[in-house]
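# Next comes the sequence, and after it the predicted model I'd like to discuss.
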Amino acid sequence: MMLFHVRMDVRLPHDLAPEARAEIVAREKAYSQELQRTGKWAHLWRIVGKHSNYSIFDVESNDELHTILSGLPLFPYMDIHVTPLATHPSYVAAADHER
Ligand SMILES: O=C(O)C[C@H]1C=CC(=O)O1
């Protein structure tokens, strides 16, 4: 298990046709919800006031995360920042994260 904090900032082109926008957003939602059901996309939070999110991914490797992120329908229209997470020695539930 490897945990990653990911920030996604969506920057859709202003001249994208409304139908094309709706279609890509619907595909993104389906892709995201499927990964949430598998547990790999463990958290998804909207950043207030932005078309951006903070997410937590729980995956096997850097390569798996890259495959997931590069498969996002909105990938061509997002800035993505990934932060790998390690166990904090003071975290009381750390034992849960060492399994
Ligand atoms: O709107 C976003 O935050 C981008 C993306 C992430 C999940 C989803 O459904 O859309």
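Looks like it came in fine.

# can I assume residue 63 sits in a strand?
No: Residue 63 is assigned helix when assessed by DSSP: H, G, I helix; E, B strand; the rest coil, not a strand.

# and it, how far is that from residue 27?
The spacing between residue 63 and residue 27, counted by C-beta to C-beta, to the nearest Å, is 23 Å. C-betas here are computed from N, CA, C, even on glycine.

# Might you enumerate the residues of this protein proximal to the ligand?
For the chain, the residues in contact with the ligand (C-beta under 6 Å from any ligand atom) are 8, 10, 28-29, 32, 51, 53, 74.

# So for residue 63 and residue 27, which residue has more residues nearby?
The residue with more neighbours, out of residue 63 and residue 27, is residue 27; 13 against 9, by other C-beta atoms under 10 Å.

# Could you list every helix and strand that the longest helix seen in the chain packs against?
The longest helix of the chain (DSSP state H) is helix 18-38. The contact analysis (3 or more C-beta pairs under 8 Å, 6 or more residues apart in numbering; DSSP states H and E) places helix 18-38 against strand 41-46.
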